[in-house]
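K.L.:
need coordinates for the below:
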Amino acid sequence: MNTKTSFSPVRGWIIWGIATLFVVYQLMMQNGFGAIAGNVQTDLGLSIAGMGMLSASFLIVYSLMQLPVGLILDRTDARWVLGLSAIACGLLVYVFAQMDSLWSALAIRACIGGAAAFAFTGAGVLARRWIRPTQFALAMGLIDMSFGLGAVIGDAGFSMYLEHGTWRTLLEQMSLVGIAIGVLS
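P.N.:
From the prediction side, this is the model:
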């Protein structure tokens with residue numbers, strides 16, 4: 001097990017902050033789909049049932065990954081795992097923007113859910129390892145608050161972006177955010 005025993009307050013909060021950015025990003029990618037769904041449906045020629053499957057694919061895989069994610073994070077250097085999963089998430093978001101059929105989009109969105117599954121749990125592990133125990137509850141509360149922030153930015157921000165650009169361009173640009181978070185990790 002990789003645990004941290006001596007705490008550097010500034011370094012710990014920086015590490016925690018970068019991990020929390022991944023949580024915000026993950027929620028943007030999850031909830032922002034609602035804002036772009038109509039455009040995706042039209043562009044890919046999908047039925048309502050196809051859109052339902054596409055929307056659910058993220059959360060189904062995200063949910064199923066929680067147990068393996070916890071086991072992986074408990075047994076590895078969580079900073080590396082979080083960094084790699086953020087990079088994978090960013091790359092998969094880019095690939096999703098290139099999709100042209102239901103089945104390819106479904107597979108990639110499911111993979112995005114798998115990569116994003118590391119965000120919240122990973123941020124919690126890093127908070128436990130790098131933040132003083134007396135500040136752990138504060139760190140976790142802020143991570144939980146970031147869920148709402150990511151959801152609002154994803155939904156409202158994506159909607160505002162669509163007034164000026166396409167969903168594909170938006171996701172291509174958002175892929176760079178995920179990769180940057182991964183590199184920072």
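
K.L.:
list the buried residues of stretch 178-185.
P.N.:
For stretch 178-185, the neighbour count (16 or more other CB atoms under 10 Å) marks Gly178, Ile179, Ile181, Gly182, Ser185 as buried. The C-beta positions use only the backbone N, C-alpha and C, and glycine is treated the same way.

K.L.:
flag every buried residue along the helix or strand of the chain with the lowest mean pLDDT.
P.N.:
Counting by mean pLDDT, DSSP states H and E, the chain has its least confident helix or strand at helix 136-152, which shows a mean of 92. Buried residues in helix 136-152, counted by 16+ other CB under 10 Å: Ala139, Met140, Leu142, Ile143, Ser146, Phe147, Gly150, Ala151.

K.L.:
could you dump the residues you listed into JSON lines and include distance to Ala123?
P.N.:
Output for the buried residues of helix 136-152, formatted as JSON lines (distance: CB to CB, whole Å):
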{"residue": "Ala139", "distance to Ala123": "8"}
{"residue": "Met140", "distance to Ala123": "9"}
{"residue": "Leu142", "distance to Ala123": "9"}
{"residue": "Ile143", "distance to Ala123": "5"}
{"residue": "Ser146", "distance to Ala123": "8"}
{"residue": "Phe147", "distance to Ala123": "10"}
{"residue": "Gly150", "distance to Ala123": "12"}
{"residue": "Ala151", "distance to Ala123": "16"}
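
K.L.:
which among the residues you listed gets closest to Ala107?
P.N.:
Gly150 (23.6 Å; CB to CB).

K.L.:
OK, contacts around the nearest residue to the closest one once chain neighbours are set aside?
P.N.:
Ranked by CB to CB, 6 or more residues apart in numbering and with sequence neighbours excluded, the top spatial neighbour of Gly150 is Leu27, at 2.7 Å. Counting by CB atoms under 8 Å, 6 or more residues apart in numbering, Leu27 touches Ser146, Phe147, Leu149, Gly150, Ala151, Ile153, Gly154.
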